[in-house]
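**Q** Build the 3D model from these lines:
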Amino acid sequence: MRRLLSAVIPILLMSLLTAAATFPDTHQLQTMAARFVPPPLRVDVSPLSAGDRRALVKLIQAGRIIDQIFLEQLWSGNHQLYETLAADKTPLGQARFHLFWISKGPWSDLDAHAAFLPGVPAHKPAGANFYPEDMSREEFEHWVAQLPPAAAAQAKGFFSVIRRDEAHHTLKIVPYHEAYRAYLQEAAALLRDAAKDTDNASLKRFLNTRASAFLNDNYYESDVAWMDLDAPIDVTIGPYETYNDEIFGYKAGFEAYVCLKDEQETEKLKDFSAHLQEVENNLPIDPKYRNPKLGATVPIHVVNQVLSAGDGNHGVQTAAFNLPNDDKVIQEKGSKKVMLKNVQHAKFDSILIPLSRIVLPTEAQHDVSFDWFFTHILAHELSHGIGPHQIQVNGKQVEVRQELKDLYSTIEE
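**A** All right, here's what the predicted structure looks like:
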């Protein structure tokens, strides 16, 4: 729920990716990678306590593990391909590896997910590695229709992958904590160690509850703890966004953002939360679809990013996000808006300013303002938290996300 303003300089390269039996050479790969601007992100860690500095190191290590989980989630062949490319020290091999790591796979996000490497599917599988690549939408729906309600809900839930049984006939459910057990055990241990280091009670609570969730897929308690997080280290880590499930939009990709909170900038935005219910009450929709009581907190945090990983760090970079996506938590607590200020500054300085010099007359240049850019992104994120999340269909209470399936993300944005 947070892809904003591509951090790229658009160059049309679709022809070289779609030409029969041809793939980009070293120069072409370098040109493709150069569309991503690599500005430095500056973060001042000096205000952190000694314990928080130790915790920060462990959270960065946990983020690196999230990268490995996401590689597996995006495509079943990613880990083997990663090893092959990393071992190839030729200029072509290194150019391929560089673009692979930017994309977290062998497909170009800026070129309709077309392959830039040989020996892989021509386009990213619609279901990523959340489902068998040979599974059709109809097969899944027919199978789910025969499951008991609890199993059907798990099959369509955020935190499971679908695989074929050993005989390769029927589909089966594999919970995330089983599918990624080794990675999650290591990440959970790091979160618990970081919780021991920090002296902030809310961060301790989040890290300990999220570590437990990694091992049982029960994310509710840790999502609530994340909503209440008020600490110098502002961390988001776990399975959240469903963009890469282009079949149904059910399955959540693992991501991590390790950030430091900007207390002064966060304080400035408190008034926005106070008016969100007023906006909800005046939405131009049938009143029955309005939420008469938004979550009481609706926190807005301004942070500076130290690390992003997994689904939060491939292709186009995130400028802000609105989470969690669990409607139970949203109904009870609302949703948190996190503004990645140093990332937004990087986008503004590296992309928007150069573009403005091309498309705006000289006399209009002084009107280009980071404050307005920041406020526009803030308004976008605030809008994610309003409007109907649950509706009635044929007398039954349902989630809008579940009803719209793969169309949800596009329509909701």
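
**Q** so where's the stretch 251-400 of the chain shaky on pLDDT?
**A** Across the stretch 251-400 of the chain, the ranges flagged by pLDDT under 70 are 295-297.

**Q** which residues in it form helices?
**A** Counting by DSSP state H, counting those that start in this stretch, the stretch 251-400 of the chain has helices at residues 263-268, 270-274, 276-281, 327-333, 341-347, 353-359, 370-384, 400-404.

**Q** so what secondary structure elements neighbour the longest one?
**A** I take that to be helix 370-384. strand 300-310, strand 320-323, strand 336-340, helix 341-347 (3 or more Cβ pairs under 8 Å, 6 or more residues apart in numbering; DSSP states H and E). To be clear about C-beta, it is placed using only N, CA and C from the backbone, and glycine gets the same treatment.

**Q** again, only this time at 6 Å
**A** Secondary-structure packing of helix 370-384 (3 or more Cβ pairs under 6 Å, 6 or more residues apart in numbering; DSSP states H and E): strand 320-323.

**Q** The last one too?
**A** Contacting helix 400-404 under the criterion 3+ Cβ pairs under 6 Å, 6+ apart is no other helix or strand.

**Q** Please identify the buried residues of that helix?
**A** 400-402 (16 or more other Cβ atoms under 10 Å).

**Q** of those residues, closest to V37?
**A** Using Cβ to Cβ, R401 is the member of the buried residues of helix 400-404 that lies nearest V37, at 32.8 Å.

**Q** Isn't the closest one up against Y408?
**A** Yes: R401 lies in contact with Y408 (Cβ atoms under 6 Å); the separation is 4.9 Å.

**Q** what distance separates the start and the end of stretch 386-400?
**A** Terminal residues of stretch 386-400 are spaced 13 Å apart (Cα to Cα, to the nearest Å).

**Q** Give me the contacts around that stretch.
**A** Stretch 386-400 is contacted from outside by 279-280, 289, 327, 330, using Cβ atoms under 6 Å, 6 or more residues apart in numbering.

**Q** which of the residues you listed lies closest to A150?
**A** D327 (17.5 Å).

**Q** residues contacting that closest one?
**A** 389-390, 399.

**Q** Just the buried residues of the residues you listed.
**A** Buried subset of those (neighbour count, 16+ other Cβ under 10 Å): 389-390, 399.

**Q** Distance to E141 added to those, as CSV?
**A** Shown next, in CSV, are those (distance: Cβ to Cβ, whole Å):
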residue, distance to E141
H389, 23
Q390, 22
E399, 17
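
**Q** Of all the helices of the stretch 251-400 of the chain, which one comes closest to F70?
**A** helix 341-347 (18.4 Å).

**Q** Same question for the closest one: list its buried residues.
**A** So for helix 341-347, counting by 16+ other Cβ under 10 Å, buried means 341-347.

**Q** Stretch 357-374 too?
**A** For stretch 357-374, burial by neighbour count (16+ other Cβ under 10 Å) applies to 373-374.

**Q** And for stretch 215-232?
**A** Buried, per 16+ other Cβ under 10 Å, within stretch 215-232: 217, 219, 221-227, 229, 231-232.

**Q** That one: how far from the chain's middle?
**A** On the basis of Cα atoms, centre = their mean, to the nearest Å, stretch 215-232 sits 16 Å off its chain's mean C-alpha point.

**Q** any idea which of the buried residues of helix 341-347 is closest to Y131?
**A** V343 (31.6 Å).

**Q** show me the contacts for the closest one.
**A** 305, 319.

**Q** switch the cut-off to 10 Å
**A** Contact analysis of V343 by Cβ atoms under 10 Å, 6 or more residues apart in numbering lists 4, 7, 39, 41, 257, 259, 303-305, 308, 317-320.

**Q** can you check K293 too?
**A** By Cβ under 10 Å, 6+ apart, the contact list for K293 reads 277, 280, 331, 334.

**Q** Could you pull out the helices in the stretch 51-200 of the chain for me?
**A** With DSSP H, counting those that start in this stretch, the ranges of helices along the stretch 51-200 of the chain come out as 78-87, 91-103, 137-145, 149-155, 176-179, 181-197.

**Q** tell me what the shortest one is packed against?
**A** Counting contacts by 3 or more Cβ pairs under 10 Å, 6 or more residues apart in numbering; DSSP states H and E, helix 176-179 is packed against helix 50-74, strand 160-164, helix 181-197, helix 201-216.
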